[in-house]
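Novice: Sequence plus the predicted model coming up.
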Amino acid sequence: MNKTTVFLLFCFCFCLPQGKAQQLAAFCGDDRIGIIDLDRPDDQPVDLIWNWNIKEVLPQLPEGYDKYLYPLDECKFVDNNRKLLITSSGNAALLLDIATKQCLFYAKTPMAHSAEMLPGNLIAVALSTHPEGNSIELFDASQPEKVLFRDSLYSGHGVVWDAVRNQLYALGYSELRAYTLTKQPDGNPGLTQQHAWIIPVTSGHDLVQINPDELLISGHEGVCRFNLNSRTFCPFEPLATTENVKSVNYNESTGRLLYTKAEKSWWTHHIYQENPDKCFTIDSVRVYKVRPAVLQTN
């Protein structure tokens with residue numbers, strides 16, 4: 001990583017003014033992770049200000065992890081944009097420090113599609129396949145590979161922590177679940193299911209929170225909103241009928257819509273953005289999901 005890149009990341013992670021629109025996004029696919037500048041001029045190519053091959057982390061992992069890190073599925077900014085929480089359909093979840101590229105957490109977890117940081121340094125992972133049945137798993141970020149809790153969830157593809165309600169929302173093939181953090185009899189953290197709703201877009205692909213009261217859910221037939229107060233679904237008009245949206249993100253304050261959709265089997269070379277209307281081409285990488293950086297709150 002050169003001095004210019006380090007400086008840009010320092011400015012982004014620690015100096016982003018309050019109220020400024022999201023500018024960066026992380027993407028991953030195959031064995032590559034990248035951070036791109038969303039606000040480049042229309043006539044300029046995508047600016048990869050951070051680009052890494054996940055295989056470079058192997059010296060920090062136990063022997064044999066090379067077979068678990070491909071293909072990458074989701075790459076999510078956490079801890080005020082200082083870290084990346086990464087899942088691999090090849091059966092792994094990782095927590096990576098952006099500035100140092102140090103691997104802070106790792107776990108073998110079958111067909112991991114999405115992960116989320118929870119209070120208490122916990123990590124929840126949604127899986128689409130597990131020998132004991134599809135599931136959602138819970139880890140302590142300071143204890144690599146130790147599963148604290150597991151619950152059945154058919155074809156898990158998304159997890160989101162709602163700090164307002166202190167609930168974890170998990171998306172499966174046909175349902176959305178709400179969990180609360182609890183303690184198990186052995187004293188370890190666990191999850192207790194509180195609610196479950198059948199989603200109107202079967203084959204759930206992605207789950208994000210766009211404001212304190214709404215989630216966005218993408219699936220095979222399109223994208224819908226879920227209101228957490230009324231517990232009702234309605235179409236998300238910009239993508240209501242767009243099939244196979246792989247990842248979806250929406251910033252209500254700017255109107256920026258950022259998404260990927262399956263074009264060749266389950267992957268694409270494109271990242272779509274509206275407001276302004278752009279399509280980024282990521283050469284030689286089969287992109288799965290893209291995630292915008294989180295605005296600073298301190």
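Specialist: Now that the structure is in, tell me what you want to look at. Residues are numbered from 1 along each chain as shown.

Novice: Average pLDDT for stretch 127-138, rounded please.
Specialist: This predicted structure assigns stretch 127-138 an average pLDDT of 76.

Novice: same question, stretch 249-265
Specialist: Stretch 249-265 shows an average pLDDT of 88 in the prediction.

Novice: Show me what it is in contact with.
Specialist: Under the contact criterion C-beta atoms under 8 Å, 6 or more residues apart in numbering, stretch 249-265 has outside partners 21-22, 25, 27, 38, 208, 210-211, 216, 218, 236, 238-239, 242-248, 268-275, 286-292. Placement of C-beta: from N, CA and C, glycine included.

Novice: for that stretch, which positions count as buried?
Specialist: Taking 16 or more other C-beta atoms under 10 Å as the neighbour-count basis, stretch 249-265 is seen to contain the buried residues 249-251, 256-261.

Novice: for the residue lying farthest from the centre of the chain, phi and psi?
Specialist: For the chain, the C-alpha farthest from the mean C-alpha position belongs to residue 185; by C-alpha atoms, centre = their mean, that distance is 30.6 Å. With angles defined as degrees, to the nearest 10, residue 185 sits at phi -60, psi -30.

Novice: where are the low-confidence patches of this protein?
Specialist: By pLDDT under 70, the low-scoring segments of the chain are 1-22, 40-45, 130-134, 266, 295-298.

Novice: Relative to the helix or strand containing residue 207, what are the paired strands and their orientations?
Specialist: When elements are defined using DSSP states H and E, residue 207 is found to belong to strand 206-211. Sheet pairing here is set by DSSP bridges, and for strand 206-211 it gives strand 214-218 (antiparallel).

Novice: after the host helix or strand of residue 151 comes which helix or strand?
Specialist: Per DSSP H and E, residue 151 falls inside strand 147-152. On the C-terminal side of strand 147-152, the closest following helix or strand by DSSP H and E is strand 158-162.

Novice: Taking strand 158-162 as reference, get the angle to the helix or strand just after that next one.
Specialist: With elements assigned by DSSP H and E, the helix or strand that comes after strand 158-162 is strand 167-171. When axes from the mean of the first three to the mean of the last three C-alpha atoms, to 10 degrees is applied, the directions of strand 167-171 and strand 158-162 differ by 160 degrees.

Novice: mind exporting strand 167-171 as PDB, just the C-alpha atoms?
Specialist: Output for strand 167-171, consisting of C-alpha atoms alone and laid out as PDB, is shown next (Å, rounded to 0.1, in the frame of the first residue of the first chain):
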ATOM      1  CA  GLN A 167     -32.600  -6.900  17.300                       C
ATOM      2  CA  LEU A 168     -30.800  -9.000  14.600                       C
ATOM      3  CA  TYR A 169     -32.700  -9.400  11.400                       C
ATOM      4  CA  ALA A 170     -31.800 -12.500   9.300                       C
ATOM      5  CA  LEU A 171     -33.000 -13.200   5.700                       C
END
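
Novice: That strand packs against which elements?
Specialist: For strand 167-171, the elements it packs on are strand 112-118, strand 122-127, strand 158-162, strand 175-183, strand 206-211, judged by 3 or more C-beta pairs under 8 Å, 6 or more residues apart in numbering; DSSP states H and E.
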